[in-house]
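In: mind looking at a prediction? Sequence and model below.
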Amino acid sequence: MNQLSPEEKNNLPRHVALIMDGNGRWAKSRRMPRLFGHRKGVENVRSVVNTAKEVGVPYITLYAFSTENQNRPREEKSGLMKLLEEFLKKEIRSMMEDGIRLRAIGDLSGLPDFARDIVENTIEQTKGNKNWNLTLALNYGSRQEVLRAIARYNRDHSSTPHLPKWDDFSPYLETGDLPDPDLIIRTSGEFRLSNFLLLQAAYAEIFVSPLHWPDFDRNAFIEALANYARRERRFGKTSEQIHQPIHTS
Ligand code: FPP
C-alpha cells in the first residue's frame, strides 16, 4: 500500500508514538553488529518523519532509549548516543526549514553530557517551530515518569492533600503539552508496551507490525495509518452512541 484513500486521509491520527523494535535482530540476520541495525534504524526515523509530514500527522513520538536500555553493553549505549548526536547535528537545518519542534521526555540527567547538551540545545533552538512535533523518549520509563510527576504535583499542592482530577494532574507528566497518542506502533511483532506512555496510552489504538524497525518503510507506515483510519474509536461508548446524530434541541 502506498496511498491513503480520501476517507482514510480524513481519519488520520494526530499523534503517533512508535516503539522502534528489532534493530538488533535485523542486524543479526545479516551477520552484522547490533550498531549496524541501529544506524539503519536512524535512517528509518528520517523516512517516518518525512511520511508524517507528507500525509499530515503533526505529532510523532519515538521510544529511542528506555531506562531499561541502560543495562545494555557499554559500547552499544555509547554507539546509540553518538547516533543520536549525529542525527540531531544533521537534522537541525531541515528541522528549522520545516518548522519541526523537538521535545524530549525521560530523565535526561542519565544521558552522557555530550548527548544531553545537543538534545537540550536542539530543543531550545526549535522551541518556536510550530508546524510539526518530534518528541524523543530518552532514558525514558513510564513508571519513573509518573513518579516524577507525582513528586512535582505534590510539591505544588502540598498544603491541600486531595485526589487530583486527571486534567489537573496530567500536565505534570513530561508529555504535558502534547495530545495523548492516538496510535502506538510497535515493530518486530512484539505485543507489549514495555513501559512506554502507559497512562497516555489509555485510549490509544495499537498496531503491531511484523517488520523489524529498519524495514518499517513508508509503505508499512501508510498501511498502519490506513488500518487506524478504518477503526472505530468508542472511548467507552457504544457504537450506536458514536454514530447517533447530535440533537441540539
Ligand atoms: C530496539 O531494537 C531499538 C532500540 C533499543 C533503540 C532505538 C534507537 C534508534 C533507532 C536510534 C536512535 C534514535 C534516534 C531518534 C536518533 P533492539 O536493539 O531492541 O532490537 P532487538 O530486540 O532485535 O535486539
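Out: In hand now; what should we look at?

In: distance check, the residue nearest the centre of the chain against residue 36.
Out: Closest residue to the average C-alpha location of the chain: residue 61 at 2.0 Å, with CA atoms, centre = their mean. Note on residue 61: its distance to residue 36, by CB to CB, to the nearest Å, is 25 Å. Just so you know, the C-beta spots here come from the backbone N, C-alpha and C atoms, and that holds for glycine as well.

In: cool, and residue 122?
Out: 25 Å.

In: who has more neighbours, the two?
Out: For residue 122 versus residue 36, the count of surrounding residues by other CB atoms under 10 Å is larger for residue 122: 24 against 18.

In: tell me the secondary structure for the more buried one?
Out: helix (DSSP: H, G, I helix; E, B strand; the rest coil).

In: mind listing what it touches?
Out: Applying CB atoms under 8 Å, 6 or more residues apart in numbering, we find residue 122 in contact with 88, 92, 95, 102.

In: repeat the analysis, applying 10 Å as the threshold.
Out: Contacts for residue 122 (CB atoms under 10 Å, 6 or more residues apart in numbering) come out as 87-89, 91-92, 95-96, 100-104, 134, 136.

In: show me which of these are buried.
Out: Neighbour counting by 16 or more other CB atoms under 10 Å classes 87, 88, 91, 92, 95, 100, 101, 102, 103, 104, 134, 136 among the contacts of residue 122 as buried.

In: which stretches of the chain form helices?
Out: Assigned by DSSP state H, the helices in the chain fall at 6-9, 23-28, 34-55, 74-98, 113-126, 142-156, 166-169, 218-229, 239-243.

In: indicate the residue of the chain located nearest to the ligand.
Out: At 2.5 Å from the ligand, residue 24 is the closest residue in the chain, using CB to the nearest ligand atom.

In: quick one: contacts for the nearest residue to that residue once chain neighbours are set aside?
Out: Setting aside the residues directly before and after it, residue 24 is nearest to residue 34 in space (CB to CB, 6 or more residues apart in numbering), at 4.6 Å. Residues in contact with residue 34, defined by CB under 10 Å, 6+ apart, are 23, 24, 25, 26, 27, 28, 72, 73, 75, 76, 79, 80.

In: what count of nearby residues applies to residue 232?
Out: Residue 232: 7 neighbours (other CB under 10 Å).

In: typo on my end, residue 127
Out: Neighbours of residue 127 using other CB under 10 Å come to 11.

In: quick one: residues contacting the closest residue to it other than its chain neighbours.
Out: The shortest distance from residue 127 to any residue other than its chain neighbours is 6.4 Å, reached at residue 101 (CB to CB, 6+ apart). Contact partners of residue 101, counting by CB under 10 Å, 6+ apart, are 59, 95, 122-123, 125-135.
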